[in-house]
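> Quick one: sequence and predicted model below, then my questions.
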Amino acid sequence: MQLKKRDEMRLQASKYLLIISIVFVAICVFISCKKPDSFEYREMRDFKIDSLGFGKSTIKMNLVYFNPNNFGVDLKHIDCDVFLDNKFLGKYLLDTTMHINKRSEFVVPSTMQVDMKNLFRNSLHALLSKELDIQLKGNTKLGKGGIYINIPFTYQTKVNPFGKK
């Protein structure tokens, strides 16, 4: 009878030891995982108006960023608002997963549908300007090992429309 109680106590003690070990390992992993730094915007390349219409138009560009982290991450989602000279132009969504190497530049090919009524408000200014201010404000999901977190971002750049000098 006492042997049975002793075995039960050992079994219960080993269960507690297992739970404590799992919690300890989880805490160590959590502490060692550093939150990824935001990507650094480098430049916008190949900005062009792909199709022009009265209701909607399509613009394309390649956005170049730098990953300042000492580890690679996976980019899972981008959701941002696009502003032209501080006026809302449209929304950009990217729902694909891409791996980004540590401490390296990477290019995000971007296509955006533009609601022309928002663009027409600034069309004369846009056609006559040598420079347009473009802002991107939104969130992205970054992760590693299947664990993703939301990181807000704001980028701003100036572009020459239609290749004007």
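That came through fine. Numbering: from 1, shown residues only.

> Tell me how the protein divides into domains.
With domains defined by automatic domain parsing, the chain comprises 1-32, 40-159.

> Can you tell me which of those is most buried?
domain 40-159 (a mean of 15; mean count of other Cβ atoms under 10 Å). Glycine gets a C-beta too; all of them are placed from N, C-alpha and C.

> need the strands for this structure, in chain order.
Listed from the start of the chain, the chain has strands (DSSP state E) covering 40-51, 56-66, 73-84, 87-94, 98-100, 105-115, 132-144, 147-159.

> I'd like the ones you listed laid out as CSV, including mean pLDDT.
Below are the strands of the chain laid out as CSV (pLDDT from 0 to 100):
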stretch, mean pLDDT
strand 40-51, 84
strand 56-66, 84
strand 73-84, 86
strand 87-94, 82
strand 98-100, 91
strand 105-115, 84
strand 132-144, 85
strand 147-159, 83
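
> Show me the beta-bridge partners of the nearest residue to residue 150 once chain neighbours are set aside.
Leaving aside its sequence neighbours, residue 150 sits nearest to residue 139 (Cβ to Cβ, 6 or more residues apart in numbering; 5.1 Å). Under DSSP bridges, the beta-bridge partners of residue 139 are residue 79, residue 152.

> Residue 144 against residue 70, yeah?
No - distance between residue 144 and residue 70: 11.8 Å, which falls outside the contact criterion (Cβ atoms under 8 Å).

> if I pick the closest residue to residue 66 other than its chain neighbours, what's in contact with it?
Using Cβ to Cβ, 6+ apart and skipping the chain neighbours, the partner closest in space to residue 66 is residue 40 (4.4 Å). For residue 40, the contacting residues are 65, 66, 68, taking Cβ atoms under 8 Å, 6 or more residues apart in numbering as the criterion.

> How about the contacts made by the last one?
Meaning residue 68. With Cβ under 8 Å, 6+ apart as the criterion, the residues that contact residue 68 are 37, 39, 40, 103.

> again, only this time at 6 Å
With contacts defined as Cβ atoms under 6 Å, 6 or more residues apart in numbering, the neighbours of residue 68 are 37, 40.

> give me phi/psi at it?
Geometry field for residue 68 lists phi and psi as phi -80, psi 0, criterion degrees, to the nearest 10.

> closest to residue 132 among the contacts of residue 40?
When those are compared for distance to residue 132 (Cβ to Cβ), residue 65 comes out closest, at 20.2 Å.
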